[in-house]
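The amino acid sequence is not available; the structure is as follows:
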């Protein structure tokens, strides 16, 4: 089954036995009747499992070419579950350019429990193995990275993990399985903030993990159930609905993204444009190799690297909405230094290029001429 068909039918093998409902029903229940203690029809309590969530988890596994999908209350809850595979004294190698919430979780929560994190540039992924030591248990990758759109070679990162006997987890939020499938490239765990492109309509908060290894899946299922950060059936239904249009939405995100990136590239007031589809992007060749297209996420800096100018631009946008998050049908603009990455110390984020004048765009599926005209009037 090809990807565009999987988004609609993948993993959806159960027909509603009551009325033949085409969409899986929303099982808005906390518990399930049992004929005898332990005698039930596959579900006993909705923290442990819910039919609507199970339908979504099967669909998530299908589109990532995985065996096991797990849905969580948020992307950070999904990341939290991965780090709970570790114990005090273990170490993690993470890309230095990553979502501020991930950085905060790593440094402000799990470092307090004795887990050590090393943040390194991974643009040359063949160097990752140089940082692995006997205590390293996990390599954490984002690609494209948030917000600098750096591309990390997943195959090379997987080789480093395999050669040193550690797990590789890939945050696939920006790319989605429409653009790249990390499990096929050697990753052990794929993570999504399903709030973003998978849901696609800015109306739900959710996270997801997909794995192939049965033993690893069992450990993560245990953590999911024991910790309890699960999503509800209504949210599961919304993301399952979103998945069914993922392929056509991503096609338009990519088309609009390319036109806007090229518009910004030739604008006289723009200094730098960060989008992996540009030929002068440092890892453009790797992006072409491991991605099917280049996505709708773009960051840029105006000439002079002026903070006030960046704020003026985002405040004057009319079609783009100034807001946190990304990946919805509507176009969003953000100022990472004061919004999504404010939790990262200034000196640390500036090392990765997240300067005060950086603007990040989540290009939606509106008419691209309207989006370009909006940027024209805002930039001036």
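It's in. As the structure is a computational prediction, the values presented were derived from the model and not from experiment.

How far off centre is stretch 69-78?
11 Å (CA atoms, centre = their mean, to the nearest Å).

again, but for stretch 340-358
19 Å.

Give me the contact list for that stretch.
96-97, 99-101, 103-104, 108, 119, 121, 146-148, 274, 299-302, 304-307, 309-310, 324, 334-337, 360 (CB atoms under 8 Å, 6 or more residues apart in numbering). The way it works is simple: take the backbone N, C-alpha and C, and place the C-beta from them, glycine included.

Where in the chain is the helix or strand with the lowest mean pLDDT?
Ranked by mean pLDDT, DSSP states H and E, the weakest helix or strand in the chain is helix 346-351, scoring a mean of 89.

Quick one: the helices in the stretch 251-380 of the chain, in order.
Taking DSSP state H, counting those that start in this stretch, the helices of the stretch 251-380 of the chain run over residues 284-290, 307-316, 346-351, 368-379.

Does anything pack onto the last one? Which helices or strands?
Read it as helix 368-379. Applying 3 or more CB pairs under 8 Å, 6 or more residues apart in numbering; DSSP states H and E, we find helix 368-379 packed against helix 246-265, helix 307-316.

Turn the ones you listed into TSV, including mean neighbour count.
Formatted as TSV, the helices and strands packed on helix 368-379 follow (neighbours: other CB atoms under 10 Å):
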stretch	mean neighbour count
helix 246-265	20
helix 307-316	16
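
So for residue 206, which of those sits nearest?
helix 246-265 (14.0 Å; CB to CB).

most packed of the helices of the stretch 251-380 of the chain?
Most buried of those, by mean neighbour count (mean count of other CB atoms under 10 Å): helix 284-290, with a mean of 18.

What average pLDDT does it get?
For helix 284-290, the mean pLDDT works out to 98.

residue nearest the centroid of the chain?
residue 173 (1.7 Å; CA atoms, centre = their mean).

any idea how far residue 111 is from it?
23 Å (CB to CB, to the nearest Å).

Over to residue 352?
According to CB to CB, residue 352 stands 19 Å off from residue 111.

So which of those two has more stuff around it?
residue 352 (19 against 13; other CB atoms under 10 Å).

low-confidence ranges in the protein?
The model of the chain has pLDDT under 70 over residues 14-15.

of all the helices and strands packed on helix 368-379, which lies closest to residue 330?
Comparison of the helices and strands packed on helix 368-379 against residue 330 by CB to CB identifies helix 246-265 as nearest, at 11.4 Å.

What lies in contact with that closest one?
In contact with helix 246-265 (CB under 8 Å, 6+ apart) are residues 3-4, 7, 63, 176-179, 197-198, 200, 270, 273, 275, 277-278, 293-298, 300, 329, 361, 363-366, 368, 371-372, 375.

give the contact list for residue 95.
119, 120, 121, 122, 140, 141, 142, 143, 145, 150, 152.

Apart from its chain neighbours, what residue comes closest to it?
The shortest distance from residue 95 to any non-neighbouring residue, by CB to CB, 6 or more residues apart in numbering, is to residue 122 (4.6 Å).

And what about the one you found, helix, strand or coil?
When states are read from DSSP: H, G, I helix; E, B strand; the rest coil, the local structure at residue 122 comes out as coil.

Same question for the one 5 residues further on.
Using three-state DSSP, the three-state assignment for residue 127 comes out as helix.

contacting residues for it?
Neighbours of residue 127 in contact, by CB under 8 Å, 6+ apart: none.

Could you do residue 232 as well?
46, 50.

Next, find the distance separating it from residue 73.
Residue 232 is 8 Å from residue 73, by CB to CB.

these two touch, right, residue 155 and residue 290?
Yes: taking CB atoms under 8 Å as the definition, residue 155 is a contact partner of residue 290 at 7.1 Å.

which residues touch the residue nearest to residue 185 when sequence neighbours are not counted?
Once flanking residues are discounted, residue 185 sits nearest to residue 154: 4.1 Å by CB to CB, 6+ apart. Neighbouring residues of residue 154 by CB under 8 Å, 6+ apart: 125, 141, 143, 170, 180, 182, 185, 186, 187, 290.

do you know how far residue 154 is from residue 16?
38 Å.

what does residue 272 give?
Distance from residue 272 to residue 16, by CB to CB: 52 Å.

Which one's more surrounded, those two?
residue 272 (17 against 12).

quick one: contacts for the more buried one?
Per CB under 8 Å, 6+ apart, neighbours of residue 272: 300, 301.

start at 28 instead
Renumbered: residue one is now 28, and that last one reads residue 299.

which residues does it bridge with?
residue 328 (DSSP bridges).

mind checking how far the residue nearest to residue 212 is from residue 209?
For residue 181, the distance to residue 209 - CB to CB - is 5 Å.

overlap in contacts of those two?
residue 197.

need the contact list for residue 58.
Taking CB under 8 Å, 6+ apart as the definition, contacts of residue 58 comprise 71, 72, 73.

Please tell me which one of those residues counts the most neighbours.
Top of the contacts of residue 58 by neighbour count (other CB under 10 Å): residue 73, with 19 neighbours.

Could I get the contacting residues of that one?
54, 56, 57, 58, 80, 257, 259, 260.

Distance-wise, check it relative to residue 260.
7 Å.

for residue 146, same thing?
37 Å.

same question, residue 341
Residue 341 is 36 Å from residue 260, by CB to CB.

cool, residue 29 as well?
With CB to CB as the criterion, residue 29 and residue 260 are 29 Å apart.
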